[in-house]
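model this:
(one chain, ligands or ions: 2)
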Amino acid sequence: MATLSCSRGSMRAIQHIAAQSGPAMIARGVSGRCLHTAVSQTNTGGDVHPLAFTGQRQTVSSATQQMPNSARLSLQTLVADLTRILGQHSGILNGSASPDTNVRALQRALTSYTSHDADWRRYAIADPSVPYTRNLVSTINQHANLLVLVWNPGCASPIHDHSGAHCLMKILKGSLRETLYAWPCENEPAQRCSGPAARTPTHKCTLASRPSQPLQVRRERTYGRDQVTYMSDRLGLHRITNPSAAEVAVSLHLYTPPNAAKHGSHVFDAETGASKHVAKCGFHSVYGLKGGQAA
Ligand SMILES: N[C@@H](CS(=O)O)C(=O)O
Ligand SMILES: [Fe+2]
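Ligands and ions are numbered 1, 2, ... in the order given. Down below sits the predicted model:
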């Protein structure tokens, strides 16, 4: 089975795989997808993995607009708060979502920040050719990745895991729907899928060792501007969708440790539960500069 990669050098391979697979592959949830024709018509990259770099970009708002100091400070303050909170734990050392990470404090910090467009505009680099873009704001002293994601109307991420990291998402603009799924092997007998290990990206439950069956949806929730939600591999898998047919949505994501950028993650087929590893998920921009590479 071909491995999708987020690295820039393998874009040709991704496009080639996608061209062969076409809409069926997208519909099966291996890649991100867009539901509305307005996007998919311009979306050569309905076929392109959403985490991939494409080189074609536009900012959501005019880049020439000034950023008020007060707004800029509020995002800086949030980054400072997150750095202080994450500096107090050792989660970065063991490469997985450490129980001593103060998730509540992170959640409080993200909640107390109020979204100002002028604050995050420089990071919100859109690209109509992919379902969504990933733009690095800060590495929080190497403890995390703080990203701004820009979601085209009707577009969604693939169903994916979070590489053992804590993931917090705050809506900056518009609304986003989260569909939460159980791990494919969660209800399998222990001998076929060994306990908690089945709920990590390194679980051994491959397609060969279990029946092919649709992923089970646990819940669906829609979050509006300034709402914050938490996700991790312990809760299962998820897909994020921009339900609007017309409006771009923007969200702020904190991943700690920053595992997906380093080691990639897994995407899942909704119909069969089959997974693929996506190597080293990159950024469309870094610190507001286009064409950035993964830190
Ligand atoms: N975790 C996804 C975005 S989302 O669907 O939560 C990513 O980093 O690309
Ligand atoms: Fe996610």
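
I figured Thr111 hits Val228, correct?
Yes - Thr111 is within contact range of Val228, at 5.0 Å (criterion: Cβ atoms under 8 Å). Every residue, glycine included, has its C-beta placed from N, CA and C.

pLDDT of the helix or strand harbouring Ser74, averaged?
Using DSSP states H and E, the element containing Ser74 is helix 69-86. The average pLDDT for helix 69-86 rounds to 82.

same question, stretch 180-192
70.

ok, back up a step: higher neighbour count, Thr111 and Val228?
Val228 (19 against 13; other Cβ atoms under 10 Å).

that one pairs with what?
Beta bridges link Val228 to Lys170, judged by DSSP bridges.

close to ligand 1, is stretch 215-228?
No - judged by Cβ under 6 Å from any ligand atom, stretch 215-228 makes no contact with ligand 1; its nearest approach is 11.3 Å.

what lies in contact with that stretch?
107, 110-111, 114-115, 159, 168-182, 184, 186-187, 229, 236-237, 243, 268-270, 273 (Cβ atoms under 8 Å, 6 or more residues apart in numbering).

buried among those residues? Make that a PyMOL selection.
In PyMOL, a selection of the buried entries from those looks like this (16 or more other Cβ atoms under 10 Å):
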select buried, resi 107+110+115+159+168+169+170+171+172+173+174+175+176+177+178+179+180+181+182+184+186+229+236+237+243+268+269+270+273
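
show me which of the contacts of stretch 215-228 neighbour ligand 1.
Met169.

among the contacts of stretch 215-228, which are in strands?
Counting by DSSP state E, the part of the contacts of stretch 215-228 found in strands is 159, 168-173, 176-181, 229, 237, 268.

what's the next secondary structure element after the helix or strand of the chain with the lowest mean pLDDT?
Here the helix or strand of the chain ranked lowest by mean pLDDT, DSSP states H and E is helix 11-27, holding a mean of 26. Sequence order places strand 33-34 as the next helix or strand after helix 11-27, per DSSP H and E.

spell out which parts of the stretch 51-200 of the chain neighbour ligand 1.
51, 134, 149, 157, 160, 169.

distance of the fifth one relative to Asp119?
Think His160. Counting by Cβ to Cβ, to the nearest Å, the gap from His160 to Asp119 is 27 Å.

pick out whichever of those two has more residues nearby.
For His160 versus Asp119, neighbours defined as other Cβ under 10 Å are more numerous around His160 (25 against 22).

surely that one meets His238?
Yes - between His160 and His238 there is a contact at 7.2 Å, judged by Cβ under 8 Å.

now the helices for the chain?
Using DSSP state H, the helices assigned to the chain run over residues 11-27, 37-42, 69-86, 91-94, 103-112, 117-120, 259-263.

and the residue nearest to His143 when sequence neighbours are not counted, how far from ligand 1?
Excluding the flanking residues, the one nearest His143 by Cβ to Cβ, 6 or more residues apart in numbering is Leu86, at 3.9 Å. Distance, Leu86 to ligand 1, using Cβ to the nearest ligand atom, to the nearest Å: 18 Å.

surely Leu86 meets Asn145?
No - the criterion here is Cβ under 8 Å, and Leu86 misses it with Asn145 at 11.3 Å.

overlap in contacts of these two?
Joint contacts of Leu86 and Asn145 (Cβ under 8 Å, 6+ apart) are Thr256.

now stretch 248-257 - C-alpha only, CSV.
Output of stretch 248-257 as CSV, limited to C-alpha atoms (Å, rounded to 0.1, in the frame of the first residue of the first chain):
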residue,chain,number,x,y,z
VAL,A,248,-13.9,30.1,5.4
ALA,A,249,-13.4,29.0,9.0
VAL,A,250,-10.2,29.5,11.1
SER,A,251,-9.0,27.7,14.1
LEU,A,252,-6.1,27.7,16.5
HIS,A,253,-4.6,24.3,17.4
LEU,A,254,-2.2,23.4,20.2
TYR,A,255,-0.4,20.0,19.9
THR,A,256,1.8,18.9,22.7
PRO,A,257,4.2,17.2,22.3
